[in-house]
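> just to be clear, the model below is a prediction. Sequence and coordinates:
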Amino acid sequence: MNSIFEQLTKRQIKTFFDIHSSIKDKDSSFIEKKYLENERHFDSTLSFLEGIRLFKKQKDKIILKNKLVAGLTTEEKLDSFLIEKILEDSSAFSKDVYNYIQNFKSKNDSLIYKPSQKKNLAESGLRNFLIDIDLVFYQRSNKHYVINEKYLHLISTKIATKSRSPKALKIILKKQEEIGNLAELEIIEFEKNRLKNFPQLASKIEHVATNNVNAGYDIKSWEENNKERYIEVKAVSLADFKFYWSRNEIDKSQHFKNQYYLYLLPVINNKLFDKESLKIIKNPFNKIFKKHSDWNNQIEQYSIWRED
C-alpha cells in the first residue's frame, strides 16, 4: 500500500483531472500518453483514483464516477476533497490512513505524533502524501508531526465512530462545533444580501440557534411577501454533501412545509466555505423522502425504551 503513495503527488492527480476533463473521448491510452508528457507513475495515479472511487477503467475508457471533481477549482478545494475521499469507508486506503492518524495524541489543543526513526521511514510514503494534501505538517521546532487544524472537522466526520482518546475527541468535536457556528453566520450574511432590497425584513433575521438549540432550525429569516423562512444550516462535505438530520428537525420540516429550508454549505476548511456550491432545499422532507429522490438516507441511531 505504501508503494502507491511513494509514487503519488497531488500535482499528478491535478494533471490527471485536467487531462481527463479536456478530452471528449476518454480513451485510456491517449490519456496515459498525454499524462506522461509531464508526469510519471500513471499506473499508481490511476490506481489511487480508482481506490477512492473517483474514476474507473472500463475496457479502453477511463470513466469519471464523481461529477463533483469538476468543481475543484482551487488548491484548497482539492486538498479538502482528497482528504475526505481517502477517509471514506469505501476508500481502499481508509484503514491505512486511519491507522496512521491513530498515532496522533492530544497536546495543547493539537493532535501530534513523534515517531521513531524506524516508523518514520516505514510510513514515509503515506505521510508525505498527507503532507502534500495539507492534512499533516512537520513542526521543526518540536520535531513532531501535527494534524492541520483546518481539517480536524474531517477527522471527526469520517472516523469519530472509531475509538479515540477522550482528549483527542474533545478537540475534534470542538472544531466541528466552531465550524457549524461559522456556517450559520455565513448564511445569515447570505440572507441579509438576499433581502438587501427589503431592509426592514433583513433587520428582523434571527440567529435562533444561539438561544434555542431545540427549535429544529438555526435561523428565522423572511420571504419577500413577509412570511417567515425557517432555515436549518448544515456544514457539509465537499465530496458528498452528507449531513445528519435530527428527528426534531425532520418534524419541523413536516410542520412548516414550504416555509422550511435546508441550506447545505460545503466546508473547504475550518475557516473557509464553498459558497458558490451552496445547495438550498425548500420543503426538504418532501424532497428527500419522496420515492424518487436524488438523496440517499439511512438510520444510524435508534431511540429505544422499555414498555412495562
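Alright, I've got the coordinates. Nothing here was measured: the structure is a model prediction, and the numbers come from that model. Numbering: from 1, shown residues only.

> what are the ranges of the helices in the protein?
Taking DSSP state H as the test, the helices found in the chain are 2-6, 10-22, 28-35, 42-51, 75-87, 94-101, 117-122, 124-132, 152-159, 166-194, 199-202, 247-256, 284-289.

> please name whichever of these is nearest to Leu238.
Taking Cβ to Cβ, helix 75-87 is the member of these nearest to Leu238, at 5.0 Å. To be clear about C-beta, it is placed using only N, CA and C from the backbone, and glycine gets the same treatment.

> can you give the contact residues for that closest one?
10, 13-14, 52-54, 68-69, 71-72, 91, 93-94, 97-98, 133-135, 151, 154-155, 157-159, 237-240, 267-269, 272, 274 (Cβ atoms under 8 Å, 6 or more residues apart in numbering).

> same question, stretch 113-124
With Cβ under 8 Å, 6+ apart as the criterion, stretch 113-124 contacts Asn2, Glu6, Tyr100, Asn103, Phe104, Lys105, Arg127, Asn142, Lys143, His144, Tyr145, Val146.

> sort the residues you listed by pLDDT and name the bottom one.
Lowest pLDDT among the contacts of stretch 113-124: Asn2, with 61.

> if we can go back for a sec, confidence-wise, which of the helices of the chain is weakest overall?
helix 152-159 has the lowest average pLDDT among the helices of the chain, namely a mean of 66.

> just to revisit the earlier point, any of the contacts of stretch 113-124 buried? List them.
Tyr100, Phe104, Arg127, His144, Tyr145, Val146 (16 or more other Cβ atoms under 10 Å).

> reformat these into JSON lines and put distance to Ser116 next to each item.
Listed next are these as JSON lines, based on distance: Cβ to Cβ, whole Å:
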{"residue": "Tyr100", "distance to Ser116": "14"}
{"residue": "Phe104", "distance to Ser116": "15"}
{"residue": "Arg127", "distance to Ser116": "13"}
{"residue": "His144", "distance to Ser116": "12"}
{"residue": "Tyr145", "distance to Ser116": "13"}
{"residue": "Val146", "distance to Ser116": "17"}
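
> wait, which of the residues you listed is closest to Ile250?
Phe104 (35.6 Å).

> the closest one and Val233, how far apart?
Separation of Phe104 from Val233 (Cβ to Cβ, to the nearest Å): 30 Å.

> ok, Val69 next?
From Val69 to Val233 the distance is 25 Å (Cβ to Cβ).

> over to Leu36?
Distance of Leu36 to Val233, given as Cβ to Cβ: 45 Å.

> tally up the residues packed near the closest residue to Lys105 other than its chain neighbours, please.
Of all residues not flanking Lys105 in the chain, Ile112 sits nearest, at 6.4 Å (Cβ to Cβ, 6 or more residues apart in numbering). For Ile112, the count of nearby residues is 16 (other Cβ atoms under 10 Å).

> can you start the count at 13 instead of 1 from here on
I'll keep to 13 as the first residue from here, and by that count the last item is Ile124.

> contacting residues around Ile124?
Phe116, Lys117, Ser118, Gln151, Asn154, His156, Tyr157, Val158, Ile159.

> and what of His53?
Contacts of His53 (Cβ under 8 Å, 6+ apart): Gln19, Leu20, Gln24.

> which residues does the second one contact?
Spelled out, it's Leu20. Contacts of Leu20 by Cβ under 8 Å, 6+ apart are His53, Ser56, Thr57, Phe60, Gly137, Phe141.

> which members of these are the farthest-apart pair?
Farthest pair in those, by Cβ to Cβ: Thr57 and Gly137, 13.8 Å.

> these two: who's more crowded?
Thr57 (22 against 17).

> domain assignment for the protein?
Following automatic domain parsing, the chain resolves into domains at 13-77, 188-301.

> okay then, goodbye and thanks.
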